[in-house]
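**Q** Predicted model, plus sequence, below.
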Amino acid sequence: MRGTATGVAMDFRLLGAVTAFAGGTEVPLGPPKRRAVAAMLVLAEGAPVSAERLIDALWDTEPPTHARTVVHGHVSRLRGALRTVPGAEVVTRTGGYALRLPAGSVDVWRFRALLGDARAAVGAEPRVGLLREALALWRGPALAAAGETPLLTAAAARLEEDRLCAVEALAAALYELGGHGEAAALLREAIQRHPLRESLVAAAVRALHAAGQQSHAVDLYLRTRQALAEELGVDPGPELSDAYLGILRSSAPAARGGGAPSAAAEPAPRPA
């Protein structure tokens, strides 16, 4: 099932603040720790989640002595909140707690299904449509309003990685269709959140160059190279270096012909 779950009785949303809706009405999930419990159960996709793992999600290294009782209380209240929602049920199993939900009722599931459809699609145009639909499901940072313990932070990072892969795939499809400027704008927006992700920057450098914005492409490369050196102590990797070298190669004939020096006419990057 695609889109924003129109017509779906249950709609659990993790791609942004952790929320749930039933028939268009928000389900009262309660405080952040209960939302964290809900998120962990949803991400398990019906498999049982142990009380110990839920404790790790709710607290970092020093859970309270009554942590198991608190977890049980949050599970009980979550079960009560979902009791009237068709197809949604929190069950207790030997291995812990499990959340049963109707197919297609979680935005993460719909997002991943759309990514799978895009990978299988033939041609750039259908990929663009599917990837746009997938990215439209995002409303902000994943698992927001559920806490920031290491376990939740790691889960949110995995979801963000999927989002970035979708952005890169959409930009590649737009580039293939000749939408170089649109691809560059999409990538530069993502770079604002992940300025040291070289695959994003390399794709943006190529798209900006193809869109005739050579000075912007060079500036982006130089700023990224400086940030990599200052923050990580490394040179650009092969992908980003190749994107920059592509600008140098395309500018070389004009330089040899005696024209004004190109903005890209800078020493080639050192090998990574």
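**A** Sure, I can see it.
**Q** can you give me the offset of stretch 16-29 from its chain's centre?
**A** Taking Cα atoms, centre = their mean, to the nearest Å, one finds the center of stretch 16-29 at 21 Å from the center of the full chain.
**Q** Surely Gly23 touches Thr84?
**A** No: shown here, Gly23 and Thr84 do not form a contact pair, counting by Cβ atoms under 8 Å, at 9.9 Å. The way it works is simple: take the backbone N, C-alpha and C, and place the C-beta from them, glycine included.
**Q** the more surrounded of those two?
**A** Gly23 (13 against 10; other Cβ atoms under 10 Å).
**Q** count of neighbours near Val234?
**A** Neighbour tally, Val234, other Cβ under 10 Å: 12.
**Q** now swap in the one 5 residues further on and tell me
**A** Other residues within reach of Glu239, judged by other Cβ under 10 Å, total 15.
**Q** just Trp109 next, same as before
**A** Trp109: 17 neighbours (other Cβ under 10 Å).
**Q** for stretch 199-206, what is the average pLDDT?
**A** Average pLDDT, stretch 199-206: 97.
**Q** Kindly report the same for stretch 86-103.
**A** 90.
**Q** From one end of it to the other, what's the distance?
**A** Terminal residues of stretch 86-103 lie 12 Å apart, using Cα to Cα, to the nearest Å.
**Q** chain center to it: distance?
**A** 26 Å.
**Q** going forward can the numbers begin at 328, since that is how I track them
**A** Fine by me, first position is 328 from now on; the one you just mentioned is stretch 413-430.
**Q** Contacts for that stretch, please.
**A** 328, 335-337, 339, 349, 365, 368-369, 371, 373-378, 380-381, 402, 405-406, 409, 432, 436 (Cβ atoms under 8 Å, 6 or more residues apart in numbering).
**Q** Restricted to buried residues, select the residues you listed in ChimeraX.
**A** Buried subset of the contacts of stretch 413-430, written as a ChimeraX selection, criterion 16 or more other Cβ atoms under 10 Å:
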select :335,337,339,349,365,368,369,375,376,378,380,381,402,405,406,409,432,436
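**Q** just the strands in the stretch 428-577 of the chain please.
**A** Counting by DSSP state E, counting those that start in this stretch, the stretch 428-577 of the chain forms no strands at all.
**Q** Tell me where it has helices.
**A** Along the stretch 428-577 of the chain, the segments classed as helices by DSSP state H, counting those that start in this stretch run 434-447, 451-462, 477-503, 507-520, 525-537, 541-554, 565-583.
**Q** what comes up buried for the first one?
**A** If you call a residue buried by 16+ other Cβ under 10 Å, then helix 434-447 has these buried ones: 434-438, 440-442, 444-445.
**Q** what about the stretch 478-599 of the chain, any weak spots by pLDDT?
**A** Judged by pLDDT under 70, the stretch 478-599 of the chain has its weakly predicted residues at 579-599.
**Q** Next: the stretch 328-477 of the chain.
**A** 328-335.
**Q** redo that, cut-off 80
**A** Along the stretch 328-477 of the chain, segments meeting pLDDT under 80 span 328-336, 388.
**Q** circling back: distance to Gly422 for the helices of the stretch 428-577 of the chain - can I get that in JSON lines?
**A** Formatted as JSON lines, the helices of the stretch 428-577 of the chain follow (distance: least, Cβ to Cβ, whole Å):
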{"stretch": "helix 434-447", "distance to Gly422": "22"}
{"stretch": "helix 451-462", "distance to Gly422": "32"}
{"stretch": "helix 477-503", "distance to Gly422": "17"}
{"stretch": "helix 507-520", "distance to Gly422": "36"}
{"stretch": "helix 525-537", "distance to Gly422": "38"}
{"stretch": "helix 541-554", "distance to Gly422": "45"}
{"stretch": "helix 565-583", "distance to Gly422": "43"}
